[in-house]
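Trainee: fold the following and give me the result.
(one chain, ligands or ions: 1)
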Amino acid sequence: MRKKTLFLLVTLVIFPLLSQSVQQVDNEHVIVGEYRDSELITLVFAGDIMSHFPQVKAAYIQQGDSFDYRPCFQYLKPYIATADLAVVNLEVPLAGKPYSGYPQFSAPEQLADGATDAGFDVLLTANNHTVDRGGKGIERTIQQLDKRSLHTGAFRSQAERDSLYPLITEVKGMKIAVLNCTYDTNGIPVPKPFVVNMIDTAQIRRDVAKARERAAEFVIMCIHWGIEYQTEANATQQELAGFLARAGVDLIIGSHPHVVQNFSVVYRPDSTQVPVFYSLGNMISNQSKRGTNGGILAKVVIDKNTCNIQYCNYLPFFVYKGNLQERYQYYLIPTVDYIARPQDFGIGNTADLLLRQFQDDTQARLSNLPMTLDKFTRTDD
Ligand SMILES: [Zn+2]
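Mentor: Take a look at the predicted model:
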């Protein structure tokens with residue numbers, strides 16, 4: 001009964017609001033295209049970048065004894081690279097050789113090249129695998145990411161955290177803060193002097209306040225939480241989402257369950273709506289159980305003048321393991337692109353059925369959100 005009431009609320013309050021905004025954006029786009037680009041800020045988020053050992057093997061390039069993950073992202077890149085800010089969770093340390101998969105990962109740093117080449121601007125480092133390779137793993141991950149992209153979540157020391165956190169980045173003149181924390185590090189203590197952000201409500205309150213002091217106009221919390229393989233957020237996540245909204249966070253993006261979870265909205269006492277994507281599923285992995293073989297890109301569009309969210313939507317994609325263009329790889333395929341032109345991919349009958357199942361399941365789970373994928377401005381650069 002309670003669930004039904006919440007669903008109705010979400011449907012009645014958010015859906016019309018989002019639909020109207022989409023309509024307005026369309027009109028602006030059609031009538032004054034320039035306005036759309038200059039006044040709106042597009043944020044894109046993706047879930048967990050995993051690195052199971054078969055993925056490492058698939059990315060290996062004998063020539064030069066190196067790795068290349070760029071083909072994995074090639075079909076999704078047009079949807080990521082067009083965002084003003086794109087954020088993804090790097091669930092594995094870049095700890096150097098020997099490379100390892102589950103349960104204690106070390107991935108080649110070329111994995112980060114694949115992600116940044118696809119258009120991701122910020123890589124998140126606070127998750128349950130951050131300490132898989134100890135302090136050395138954290139140190140090397142930070143060192144490798146420093147050369148490639150913005151990143152946040154794990155730090156070499158408290159002093160480094162004090163100076164670099166919250167991460168605030170300026171997008172089209174708007175200051176956006178990206179916060180990141182995790183429920184745990186698989187029971188492995190964080191070695192001193194390293195710091196990995198944990199879910200600590202008192203600390204989060206101080207971090208949000210610090211972001212505002214440093215002039216952040218929009219605050220995003222990317223949080224590693226929930227129970228693996230559960231498709232609905234649990235009570236702990238819902239309570240935390242309420243807390244985060246009240247603490248002043250404007251948008252909540254979850255990861256960790258390895259499946260897409262439901263979308264909801266939480267309210268501040270002043271009735272401000274705070275969208276919650278409870279889990280975006282996997283970005284890339286070797287997992288194949290129903291629901292783990294894909295993920296979503298979440299898109300959130302902000303009006304930069306008011307700092308208000310205009311609308312949210314999402315793009316499902318399927319992780320196809322196999323040969324395309326005569327190369328075996330883990331390919332992220334936007335399901336709508338595939339369904340529109342399956343002949344362009346040629347993934348075979350079994351993968352075809354799994355891809356369609358993934359899209360149907362995801363659409364059913366996110367039935368209170370539009371899958372208006374054409375609202376992603378796609379460029380084929
Ligand atoms: Zn995790």
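Trainee: what's the helix or strand encompassing Pro316 packed up against?
Mentor: Following DSSP states H and E, one finds Pro316 within strand 308-324. Counting by 3 or more Cβ pairs under 8 Å, 6 or more residues apart in numbering; DSSP states H and E, the packing neighbours recorded for strand 308-324 are helix 15-31, strand 273-277, strand 294-303, strand 327-334, helix 335-340, helix 349-365. Where you see a C-beta, it was placed from the backbone N, CA and C, and this is true even at glycine.
Trainee: burial-wise, tell me which of these comes out on top.
Mentor: Of all these, strand 294-303 has the most neighbours on average by mean count of other Cβ atoms under 10 Å, namely a mean of 25.
Trainee: so how far is Ile309 from the nearest residue to Ile302 once chain neighbours are set aside?
Mentor: Leaving aside its sequence neighbours, Ile302 sits nearest to Ile41 (Cβ to Cβ, 6 or more residues apart in numbering; 4.6 Å). Distance, Ile41 to Ile309, using Cβ to Cβ, to the nearest Å: 10 Å.
Trainee: so what's the residue count around the residue in the chain positioned nearest to the ion?
Mentor: Closest residue of the chain to the ion, Cβ to the ion: His256 (3.9 Å). Using other Cβ atoms under 10 Å, His256 has 25 neighbouring residues.
Trainee: now do the same contact list for the closest residue to Tyr229 other than its chain neighbours.
Mentor: In this structure, Tyr229 finds its nearest non-sequential neighbour in Val259, 5.6 Å apart by Cβ to Cβ, 6+ apart. Val259 makes contacts with 228-231, 279, 281-282, 291-292, as judged by Cβ atoms under 8 Å, 6 or more residues apart in numbering.
Trainee: just those: which are in helices?
Mentor: The members of those all map outside helices under DSSP state H.
Trainee: and Ala58, helix, strand or coil?
Mentor: Here Ala58 is recorded as helix under DSSP: H, G, I helix; E, B strand; the rest coil.
Trainee: wait, it sits on Gln329?
Mentor: Yes - judged on Cβ atoms under 8 Å, Ala58 makes contact with Gln329 at a distance of 5.4 Å.
Trainee: with only the CA atoms kept, save the helix or strand Leu244 falls within in PDB.
Mentor: Per DSSP H and E, Leu244 falls inside helix 235-247. The C-alpha trace of helix 235-247 is given here as PDB (Å, rounded to 0.1, in the frame of the first residue of the first chain):
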ATOM      1  CA  ALA A 235      14.900   0.800   3.400                       C
ATOM      2  CA  THR A 236      18.500   1.900   4.200                       C
ATOM      3  CA  GLN A 237      19.000   3.400   0.800                       C
ATOM      4  CA  GLN A 238      15.600   5.200   1.000                       C
ATOM      5  CA  GLU A 239      16.400   6.600   4.400                       C
ATOM      6  CA  LEU A 240      19.900   7.700   3.300                       C
ATOM      7  CA  ALA A 241      18.300   9.400   0.200                       C
ATOM      8  CA  GLY A 242      16.000  11.300   2.400                       C
ATOM      9  CA  PHE A 243      19.000  12.400   4.600                       C
ATOM     10  CA  LEU A 244      21.000  13.400   1.600                       C
ATOM     11  CA  ALA A 245      18.200  15.600   0.200                       C
ATOM     12  CA  ARG A 246      17.700  17.300   3.600                       C
ATOM     13  CA  ALA A 247      21.500  17.800   3.800                       C
END
